[in-house]
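Novice: got a predicted model here, sequence first, then my questions.
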Amino acid sequence: MNKKSGTEPSATLKPDTLLSVGGRDPFAHHGYVNTPVYHASTLLYPSADDYLAHRGRYQYGRRGTPTSEALENAIRTLDGPACAAVALLPSGLAAISAALLSVLRAGDHLLVTDSAYLPTRKFCDAVLTRFSITTTYYDPLIGGGIADLITEKTRAVFVEAPGSLTFETQHSPAIAAAAHAKGALVLMDNTWAGPLYFRPLEKGADLVVISGTKYFGGHSDVMLGTVSANAAAAKALKDYVGLAGLCVGPDDMYLGLRGLRTMGVRLARHQESALKIARWLRERPEVSRVLHPALDTDPGHAIWRRDFSGACGLFSIILKPVPRAAAHAFLDALTLFGIGASWGGYESLAIPFDVTACRTATRWAPEGPAIRFHIGLEDVSDLIADLERGFAALAAGKGSE
Ligand SMILES: Cc1ncc(COP(=O)(O)O)c(C=O)c1O
């Protein structure tokens, strides 16, 4: 944002400032602070010649509008100078599949972390296999050892860190170095940290996926995905998204852009409250382990400290052994934590999970039931009182099966 229309924000600005100024050009819109929502399909040309020559900044609603451009520019600003292009997709999962399909060809081999978001796995196993693309799942703790899994057919490595539900950190720079040394590209799902707390393009990733449904939107009312690419991957990404006809509805793009403006303060609060609750849970006699890389007791803490500048509101716990019904009694007794998929909104959530059947390169055998929390923006003391209610219900349910 600048008083002179068309000026890019300075690269020296801090992330919180970039959230405010990125993708805004008020004087291109009569001085209004926010870029208007363009509901658009057809775009008219002044003459037949102009139409045939595609003369003009925009061509067709699906190919981009001032609204999509504003959101793309805001994200590109946050991703830093290594970002050459941003594509907008209708969900985080659509962003994952688009990023993969932009680089993979029939017969390729793909490496995916065993701790990936389950629908990412399902896409690889159910769709990529139809194009003879084979996937090998790797242990998220493999680090530079991934070199041994890279064959001459390996086209890409897909990283997600921390892992979905189980929060293993990964030695992403070592994985990227090993992949690049053997000519493979690196894709990363960076939804947990987002561009404020980790910038994968600066740590060797070529393509970065974010589910904007989470903290970009921030209010559990929008589905959105983004892919950011470095110079090596930008053309293939933009070509694929254009050729496949992928685009996002204008109101959803606007909600994503509106959410970004407050993401810094929201995330700081999510982080602070989640850490307070994670530390409180760590001391509870009913809890065996807390899976949160920002805790100094977490096995991935050193990597988190080295690579990340913050944490979001999402982490898990493993309860000491109790019947499943007792864990469910805990969840059902909570009044402030909703039970539901997704995360990143202003509200707290808690869900049971069991990934035993989904892991193939590693073994998931927790000592007790596992629960994932999203800590929202409510007062921490109210959330703790709610969790105490849950633990009382758990104690009462211990005798059940
Ligand atoms: C880590 C991660 N990546 C991607 C997604 C998919 O995002 P969406 O729900 O926007 O498709 C999710 C959704 O929960 C997620 O947790």
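Specialist: The structure has been received and is ready for your questions. Numbering: from 1, shown residues only.

Novice: would you map the helices across the chain?
Specialist: 15-21, 48-52, 66-79, 92-103, 118-126, 172-181, 194-197, 231-243, 250-282, 301-307, 324-333, 380-397 (DSSP state H).

Novice: pull the residues that contact the second one.
Specialist: Here helix 48-52 makes contact (CB atoms under 8 Å, 6 or more residues apart in numbering) with 45, 55-56. Where C-beta positions appear, they are placed from N, C-alpha and C, glycine not excepted.

Novice: Leu267 contacts Trp192, correct?
Specialist: No - the criterion here is CB atoms under 8 Å, and Leu267 misses it with Trp192 at 11.0 Å.

Novice: between those two, which is the more surrounded one?
Specialist: Trp192 (26 against 22; other CB atoms under 10 Å).

Novice: separation between that one and the ligand?
Specialist: Remark: distance between Trp192 and the ligand (CB to the nearest ligand atom, to the nearest Å) = 6 Å.

Novice: Ser316 now?
Specialist: Here the criterion is CB to the nearest ligand atom. By it, Ser316 lies 12 Å from the ligand.

Novice: also His292?
Specialist: For His292 relative to the ligand (CB to the nearest ligand atom), the value is 15 Å.

Novice: could you list the low-pLDDT ranges of the stretch 251-400 of the chain?
Specialist: 400 (pLDDT under 70).

Novice: which parts of it sit against the ligand?
Specialist: Within the stretch 251-400 of the chain, the positions near the ligand by CB under 6 Å from any ligand atom are Ser342.

Novice: give me the neighbour count for the residue in the stretch 251-400 of the chain that the ligand sits nearest to.
Specialist: The nearest approach of the stretch 251-400 of the chain to the ligand comes at Ser342, 4.9 Å away (CB to the nearest ligand atom). When neighbours are counted by other CB under 10 Å, Ser342 registers 15.

Novice: dump the residue contacts of it.
Specialist: Ser342 neighbours (CB under 8 Å, 6+ apart): 213-214, 220, 349.

Novice: just to revisit the earlier point, JSON lines for the helices of the chain, including distance to Asn34?
Specialist: Below are the helices of the chain laid out as JSON lines (distance: least, CB to CB, whole Å):
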{"stretch": "helix 15-21", "distance to Asn34": "12"}
{"stretch": "helix 48-52", "distance to Asn34": "29"}
{"stretch": "helix 66-79", "distance to Asn34": "8"}
{"stretch": "helix 92-103", "distance to Asn34": "24"}
{"stretch": "helix 118-126", "distance to Asn34": "33"}
{"stretch": "helix 172-181", "distance to Asn34": "35"}
{"stretch": "helix 194-197", "distance to Asn34": "20"}
{"stretch": "helix 231-243", "distance to Asn34": "25"}
{"stretch": "helix 250-282", "distance to Asn34": "7"}
{"stretch": "helix 301-307", "distance to Asn34": "34"}
{"stretch": "helix 324-333", "distance to Asn34": "39"}
{"stretch": "helix 380-397", "distance to Asn34": "32"}
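
Novice: which member of the contacts of helix 48-52 is positioned nearest the ligand?
Specialist: Gly56 (32.2 Å).

Novice: tell me the centre residue of the protein?
Specialist: Thr191 (1.4 Å; CA atoms, centre = their mean).

Novice: I figured that one hits Val208, correct?
Specialist: No - judged on CB under 8 Å, Thr191 makes no contact with Val208 at a distance of 9.7 Å.

Novice: picking up where we left off before, most surrounded residue in the contacts of helix 48-52?
Specialist: Ranking the contacts of helix 48-52 using other CB under 10 Å puts Tyr45 first, with 14 neighbours.

Novice: just to check, that one is in contact with Tyr58?
Specialist: No - using CB under 8 Å, Tyr45 is not in contact with Tyr58, being 10.5 Å away.

Novice: so which of the helices of the chain comes closest to Pro162?
Specialist: Pro162 sits nearest to helix 301-307 of all those, at 7.6 Å, using CB to CB.

Novice: contacting residues around the closest one?
Specialist: 162, 169-173, 198, 203, 293-295, 298, 311.

Novice: coming back round to it: between Leu267 and Trp192, which contacts overlap?
Specialist: Cys312.

Novice: ok, the nearest residue to Ala193 once chain neighbours are set aside to Asp50 distance?
Specialist: In space, and not counting its chain neighbours, Ala193 is closest to Phe308: 5.5 Å by CB to CB, 6 or more residues apart in numbering. Relative to Asp50, Phe308 is positioned 49 Å away (CB to CB, to the nearest Å).

Novice: one more: Leu88?
Specialist: From Leu88 over to Asp50 (counting by CB to CB), the distance is 26 Å.

Novice: which of the two has more neighbours?
Specialist: Neighbour count, other CB under 10 Å: between Leu88 and Asp50, Leu88 has more, with 26 against 12.
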